[in-house]
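Colleague: Give me the fold of what follows.
(4 chains)
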2 protein chains.
Amino acid sequence: MFSKINEFVAKRVSLTKSEYDYFNDKLQHKTFKKKEIILEPGVVCNFEGYVLKGLFRMYCINESGNETDLLFASEDWWIGDLISFSQRIPSKLYIQALEDSEVLLISYENKELLFNKIPALERLFRLMVQKAFETMMNRLLATISETAESRYLQFIKRYPSIPLRVPQHMIASYLGITPEFLSKTRAKLSKK
Amino acid sequence: MFSKINEFVAKRVSLTKSEYDYFNDKLQHKTFKKKEIILEPGVVCNFEGYVLKGLFRMYCINESGNETDLLFASEDWWIGDLISFSQRIPSKLYIQALEDSEVLLISYENKELLFNKIPALERLFRLMVQKAFETMMNRLLATISETAESRYLQFIKRYPSIPLRVPQHMIASYLGITPEFLSKTRAKLSKK
DNA sequence: CTTATTTCTTAATCTAGGTTAATGAATATG
DNA sequence: CATATTCATTAACCTAGATTAAGAAATAAG
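Modeller: You can find the predicted model right below:
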């Protein structure tokens, strides 16, 4: 059960055998059904989850009622609202399982214990936040300075398996365009 | 010279007197002239800088030659390319002084020393990255789901002093619109 | 198997914001 | 203080992408 998450960790920092044991002991295994909402606005997010199997999306709904998808997370990715989790404030986001899924969860309390006991993990999580920051910055840049077509091409190149598992209108929302326009763009591309 | 940065730190984590001394000892004071470029694409960023006085912008130029402003940093803010700095890879960004400025710089080597000696600083920097991540996510959301007018209003509300010190076309670039359209938007708003 | 719901596509029309270009005001620079 | 450059504004026209609507295809659910 822990082999995949331990590989994930080993690629980034080095832990001793007993540190892995301590780490694994603090993880909670959990399954979610397709369509299940596992985080809602107003709730303080009390988990960061490593996805063993399945697929999630994180999204928000603005005042005008529009959904915007912010993130998809499948196997070997993490889900959770970092801001809510670490600042202990109510989330503004939804997280929903898009398939029957299986995750390993770390609670806030356990993360604190882990950070105190295993400094390398503080480093690991700092690196993960940095990566998330980098991804966000690149998306902002693309959204500001590139066309929808170019963003779509980048997306399917970078995450080729996601479009096979996620309805197209969610990808449109992730890219910041309407489903109709994505459809038109795809039609145009396939003619080329 | 160190009172402002020490206040910044004290607001977020607690250090002992001797830790402040060690920390301050690792800071390099430096001044830059207006218009000076202090980071360019291709160069590995070797600093994170706390702004004592003055103003900087971080921006990038895409393949088509368009400039996009990503960040303005005045007094009590930080500048630097986090990605390049911490992964030791060439930057893709420019950083430029927009006024005669004064900063306290931390080099990569000194940051490592500081992290090893003072664990609270690892925590401080993790919090800072998280904050930067949060800001980026909110900007992405606004860029995807709100109009230029609404983003402009948010910007001047949130950073009221910046528009007084930065040319309007850079604010347009930061908002992801053309200077002409920002001008039109402002004219429309002032009629209301 | 049948019906309901969700998903995708196409097409007509509309609009936020871009482009080009001209002009004047403000700042730099010799 | 004169000239050059950078900035901001306005206006006419253009386009990427939104909106509305309708139908077809695929999935889900009883």
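Colleague: where exactly do the strands run in chain A?
Modeller: In chain A, the segments counted as strands under DSSP state E are A:28-32, A:37-39, A:48-53, A:55-61, A:67-74, A:78-79, A:94-97, A:101-106.
Colleague: What mean pLDDT does stretch A:147-165 get?
Modeller: Averaging pLDDT along stretch A:147-165 gives 96.
Colleague: which outside residues touch that stretch?
Modeller: Here stretch A:147-165 makes contact (Cβ atoms under 8 Å, 6 or more residues apart in numbering or on different chains) with A:55, A:72, A:74, A:98-99, A:142-143, A:146, A:171, A:174-177, A:181-182, A:185-186, A:188-189. Glycine gets a C-beta too; all of them are placed from N, C-alpha and C.
Colleague: same question, stretch A:87-101
Modeller: By Cβ under 8 Å, 6+ apart, stretch A:87-101 touches A:31-45, A:51-61, A:70, A:72, A:79-81, A:83-84, A:108, A:165-166, B:130.
Colleague: which ones among the residues you listed come in contact with DNA strand D?
Modeller: For DNA strand D, no contacts are drawn from the contacts of stretch A:87-101 by Cβ under 7 Å from any atom of the strand.
Colleague: ChimeraX command to pick out the buried ones of those?
Modeller: Restricted to buried positions by 16 or more other Cβ atoms under 10 Å in any protein chain shown, the ChimeraX selection for these reads:
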select /A:32,38,39,45,51,52,54,55,56,57,58,59,60,70,72,79,80,81,83,84,166 /B:130
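Colleague: Show me where chain A dips below the pLDDT cut-off.
Modeller: Chain A contains residues with pLDDT under 70 at A:192.
Colleague: Where do the helices of it begin and end?
Modeller: A:3-10, A:17-25, A:82-87, A:108-117, A:119-145, A:148-158, A:162-165, A:168-175, A:179-191 (DSSP state H).
Colleague: Is it correct that A:Phe115 is in contact with A:Leu124?
Modeller: No - taking contacts as Cβ atoms under 8 Å, A:Phe115 lies outside contact range of A:Leu124: 9.8 Å.
Colleague: Can you pull the residues of chain A lying near chain B?
Modeller: A:60, A:62, A:66, A:68, A:70, A:82-83, A:86-87, A:119, A:122-123, A:125-127, A:129-130, A:132-134, A:136-137, A:139-141, A:143-146, A:176 (Cβ under 8 Å from any Cβ of the partner chain).
Colleague: What is the neighbour count of the nearest residue in space to A:Lys188 that is not next to it in sequence?
Modeller: Nearest non-adjacent residue to A:Lys188, counting by Cβ to Cβ, 6 or more residues apart in numbering or on different chains: A:Glu149, 7.6 Å away. For A:Glu149, the neighbour count with other Cβ atoms under 10 Å in any protein chain shown is 17.
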